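Any chance you could fold what I've pasted below:
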Amino acid sequence: MKPKASTVAQKLLNLYRQAHVIIGGWGALNPIFVDEATPDVLSELSNMPTGKLLVKHIENLKSGKTPMDSIDRDLLPYGGMMAETSLDIDISKSDWKDLESAILNFTPDQEGLDRIEQLPIVKAFGNEWVQKIRSVISVKHPELSQHWANIDKTYNAYMRWNMANDLISNIITDRARAQLQADMPEYETYLPMFGDAGVELLEKLRNHISSIKHDNAN
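Numbering: from 1, shown residues only. Below is the predicted model of the structure:
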């Protein structure tokens, strides 16, 4: 059954407000905004707090005014206070050559991610390698932004796949359940990328939330 426009609008608004903590940032979120923002959804967003900013951002994306991996500074949620700061990072020519080759030859699977993560320069960035390299690319090598957006999306998808499997395999606390509910828009976005297996896992995740609620009610 097709979700109500108000439900989709709230999901998009949640993603917009949480962009500063979502792996992949605007490069991962903007395609979702464009794909799911039907006229009915845009109408609902216009009546929500800060929704008009998101509507304007989506209009800029659809018109081509704003690239698919960025956002107009004036339209940042919370006035940009939560946005990722620009990083001044130098990468040697040798490291950049290796990184560029890996980006251009990336395959959207676990093996492709493994090859990226094994690069010395990527290891040097630690757990924040996705965000930090994205920042470097957006400023110094924007021609690779679309390629990196694919890596962002793949990384996020596998991260959510692994987290979902961990969640349904363990008893989780009320706090973890609340976080899961807040993160459901991301699971709903990325798990279907795995086909039938992803859709099945998403359903198990929803049932897991329901079963926890039922247990708590008892």
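
mind listing the helices for the protein?
5-17, 25-36, 39-46, 51-63, 93-104, 110-117, 120-124, 129-140, 145-168, 174-190, 196-217 (DSSP state H).

Save these as TSV, and put in distance to Asp74 too.
Yep, even glycine has a C-beta here, placed from its N, CA and C like the rest. Compiled in TSV, these are given as follows (distance: least, CB to CB, whole Å):
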stretch	distance to Asp74
helix 5-17	14
helix 25-36	14
helix 39-46	17
helix 51-63	9
helix 93-104	30
helix 110-117	33
helix 120-124	33
helix 129-140	18
helix 145-168	20
helix 174-190	25
helix 196-217	35
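
any chance of these in TSV, with mean pLDDT too?
Formatted as TSV, the helices of the chain follow (pLDDT from 0 to 100):
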stretch	mean pLDDT
helix 5-17	87
helix 25-36	88
helix 39-46	93
helix 51-63	94
helix 93-104	91
helix 110-117	93
helix 120-124	86
helix 129-140	80
helix 145-168	90
helix 174-190	81
helix 196-217	77
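
out of the ones you listed, which comes closest to Asp72?
Using CB to CB as the criterion, the shortest distance between Asp72 and those is 6.1 Å, found for helix 51-63.

where's that closest one relative to the chain centroid, distance-wise?
Centroid separation between helix 51-63 and its chain, computed with CA atoms, centre = their mean, to the nearest Å, is 18 Å.

Flag every buried residue along that helix.
Buried residues in helix 51-63, counting neighbours by 16 or more other CB atoms under 10 Å, are found at Gly51, Leu53, Leu54, Val55, Lys56, His57, Ile58, Asn60, Leu61.

need the contact list for the residue nearest to the fifth one when sequence neighbours are not counted.
In space, Lys56 comes closest to Leu75 once its chain neighbours are excluded; the distance is 5.8 Å by CB to CB, 6 or more residues apart in numbering. The neighbourhood of Leu75, defined by CB atoms under 8 Å, 6 or more residues apart in numbering, consists of Leu53, Leu54, Lys56, His57, Asn60.

Tell me how far Leu75 lies from Lys52.
Distance of Leu75 to Lys52, given as CB to CB, to the nearest Å: 10 Å.

any idea how this protein splits into domains?
Annotated domains of the chain cover 5-80, 87-218 [automatic domain parsing].
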